[in-house]
Each structure stands twice: as structure tokens, then as C-alpha cells.
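structure, please.
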Amino acid sequence: MRKIGQSMRVLAGARRPERRACRPQWLSVFVALSCALFGAGCGSQEQARNLPPEQVGLTPDVPPIFDDEESQLYEVKRGLQFPILEPSAARMAALNQEVVEPYGRKPWITNQDVKVQLTWTLSNLDEDQRVVELLVDPWNEFGRYYPGMTLTDAEEQTFRPNSSGIDQYFVLEGKSAGASSRRHGTFTFDDMNEMAIDFATVQNMIKFPPPLPNGAQVDPDMMADPLPIYANHAFNFINYSYDDLLIAPYIPAVIAGLTGIDFGFRTTEKATIALEIQIEVVDLGQGRVQEAGSSEALLPKTTEVVTVGSALP
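Sure, this is the predicted structure:
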């Protein structure tokens, strides 16, 4: 029988360090005065856009995505495209002239052009306590990440889901418990930038696979392929790209920016749960984000699926 390896580790909203969490007030005043006095070059060109809230929900009539008669997985996800403008034909032609790995050409959007923040609320609408796995998977203009599953034991046919771009467990008390039946949080600009770096790193490792020790060859029957291990390590929320020696050699010099996400959650039992998210997209002065109410053409959604795993068995 096929089995799913599960970790019921519960994370209480772990956060990566905030680079801008504490900015002394005197520094802000100094910058403001300097800009008032000298003007040129000091004006902020950042333009923020708050997208309408988006929701996804699970009800008891939703069938499992995996069921081996011993264990089940129930999962719901939705895709959300960010309002990134499409480059002109001339700009795209210029991008195509410059080879940048692992993408094959220079990205239109990098993590220096646009930043994103995601605020979320998970709500348990059942009376019973639920353990919920919150999932966020990245898109860039070169692909959208599909974690898939990894065969961890060929003899026992044991599978384990690979890690999403952001993948955290939360305990939600029953709805009659009030506030403890809900969890709120924010994946900050730094968190989402880290996910963009991790995704670009995984894309680079897919194109230029990490070698096996001592020149060994990949043997699918022996599950020797290290790529899922590297990818899951890169996406692990407690591993930071800036000091991770394992993945440091595979971080590209250019990081493609986020152009959208798949968001949702997973449980191991039938449940009634809702997830609401709010996205803030900030243009860092390059004119890449469509203004609210504009009809300018958006960057087409990528049709390329990027994965290190297999489809559901």
C-alpha cells in the first residue's frame, strides 16, 4: 500500500529576519529634510498597489487528492496572477538577445523591480480542532512551481509531498473557541523575496543538477537523485539563502521576480476551512506594475510547470 510520510510539526508563525523592521525615526526625518533641501534624486518612486482579497475554501464534499485506503490528503489551491505589465515587442527582443541563466534570456521582472507582501487569515469552520498546512507556491515569467511528490521507499511505495515555496503547519481550534479558531499572519516583503530567490535557485539546480558524491550515477530504483532533497532544503522556511552553504553555489546572479502565486492549504481529514489572502505589490520605480484601473496589457501567464517531483501517484 502506498503511504504518505507526514510531519505534524506545528510552526507558530516562524518569520525570517526583517531587514527594515526597525528604522530609527531620526533617520527618516533626516532623509525627509535632505530631500526637501536637495530635491533631485531623493523622491521615492515606489508605487504600491493593494489587490482585492482572494479566498479559497475546503468543504467535506471535496474528494481527497490522494487516498491509499490508509491515509488521505485533502488540498485546495488557487492561482493568482500579479498585475505585471507586458514588455513591448522591442523590449522583449532586447531581452532575448541577452543570455541569462538559468532562464535562457534576461528576465523582464527581477526581484529588484517589484516586491510583494502577502497577508493571510486561516479560519476553521468546524467544531473539531484541525491541523492545517498552509501552502504558497511561486510563479515567475519562466514557470510556476509544482512541488509534486517524492518516492521515499520504492519497496514500500511510500510517497511524501515535496515542500511548497512557503509551507507551514498551524493548529486551529474549533469554531466555538473564538479567536483561537483562526490564525493570521503576514509573509513579509523579505519572506516573499526569499521565496523568489529559492525558486530561482531550484530552477538553476534543475538546469545544472547538483552532482552526486564521488561521481555516483543517479539510480531511480535506489532513489539516488539528490535534486528533491536540495529543493526541499532551499524552500524550507527556516533556511535563509544568505547564509546557506548547501545551496549557495546554485543561487543565480539574477533573480527573476515573482509574477504570481498558487495559494491554498492541505489537511489529512475532511474539514470545513477557509483561507483569505491580501496581496500588496510594490513597483520599485521601473514601471513594471499596472496601475489600478488601467487597461495596459499584462504579462502573459507562463504555461511552463517547474517541478522536482512526480504527479500524485
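
I'd like the average pLDDT over the top helix by length along the chain.
With secondary structure taken from DSSP state H, the chain has its longest helix at helix 189-207. Averaging pLDDT along helix 189-207 gives 97.

and the helix or strand following it, C-alpha only, in PDB?
Next in sequence after helix 189-207, counting helices and strands by DSSP states H and E, comes helix 227-235. Listed in PDB are the C-alpha atoms of helix 227-235, where the atom choice follows Å, rounded to 0.1, in the frame of the first residue of the first chain:
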ATOM      1  CA  LEU A 227      17.500  17.200  -6.500                       C
ATOM      2  CA  PRO A 228      14.300  16.900  -4.400                       C
ATOM      3  CA  ILE A 229      16.500  17.000  -1.200                       C
ATOM      4  CA  TYR A 230      18.200  20.200  -2.400                       C
ATOM      5  CA  ALA A 231      14.900  21.800  -3.500                       C
ATOM      6  CA  ASN A 232      13.100  21.000  -0.200                       C
ATOM      7  CA  HIS A 233      16.100  22.300   1.700                       C
ATOM      8  CA  ALA A 234      16.100  25.500  -0.400                       C
ATOM      9  CA  PHE A 235      12.300  26.100   0.200                       C
END
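
contacts for helix 227-235, please.
By CB atoms under 8 Å, 6 or more residues apart in numbering, the residues outside helix 227-235 that reach it are 150, 162-167, 195, 198, 201-202, 205-206, 209-210, 239, 241, 244, 246-247, 250, 308-309. Every C-beta, even on glycine, is put in place using the N, C-alpha and C of the backbone.

which parts of that helix are buried?
Neighbour-count burial for helix 227-235, counted by 16 or more other CB atoms under 10 Å, picks out 227-228, 230-235.

for stretch 51-65, same thing?
Neighbour-count burial for stretch 51-65, with 16+ other CB under 10 Å as criterion, is recorded at 51, 54, 56-58, 64.

show me which of these is closest to residue 140.
residue 51 (17.6 Å; CB to CB).

circling back to that earlier point, from the contacts of helix 227-235, which would you call buried?
Under a neighbour-count criterion of 16+ other CB under 10 Å, the subset of the contacts of helix 227-235 counted as buried comprises 150, 162-167, 195, 198, 201-202, 205-206, 239, 241, 244, 247, 250, 308-309.

among those residues, which are in strands?
When DSSP state E defines the strands, the subset of those inside them is 150, 166-167.

what are the boundaries of the helices in the stretch 51-200 of the chain?
Secondary structure of the stretch 51-200 of the chain (DSSP state H, counting those that start in this stretch): helices at 89-96, 189-207.

can you get me the start-to-end distance on stretch 96-105?
For stretch 96-105, the first-to-last residue distance is 5 Å (CA to CA, to the nearest Å).

average pLDDT for it?
In the prediction, stretch 96-105 has an average pLDDT of 97.

pLDDT and distance to residue 259 added to the buried residues of helix 227-235, as a markdown table?
Conversion of these to a markdown table gives the following (pLDDT from 0 to 100; distance: CB to CB, whole Å):
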| residue | pLDDT | distance to residue 259 |
| --- | --- | --- |
| 227 | 89 | 24 |
| 228 | 90 | 24 |
| 230 | 92 | 24 |
| 231 | 94 | 20 |
| 232 | 93 | 23 |
| 233 | 93 | 24 |
| 234 | 94 | 19 |
| 235 | 95 | 18 |
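
in stretch 305-313, what counts as buried?
Of the residues in stretch 305-313, those buried under the neighbour-count criterion (16+ other CB under 10 Å) are 306-309.

which residues are in contact with it?
Counting by CB under 8 Å, 6+ apart, 2, 65-66, 142-151, 157, 159, 161-162, 199, 202-203, 206, 227-228, 231 sit against stretch 305-313.

swap in 7 Å and give it another go.
Under the contact criterion CB atoms under 7 Å, 6 or more residues apart in numbering, stretch 305-313 has outside partners 2, 65-66, 143-150, 159, 162, 202-203, 206, 227-228, 231.

please state the offset of stretch 45-60 from the chain centre?
Average the C-alpha atoms of stretch 45-60, do the same for its chain, and the two points are 14 Å apart (CA atoms, centre = their mean, to the nearest Å).
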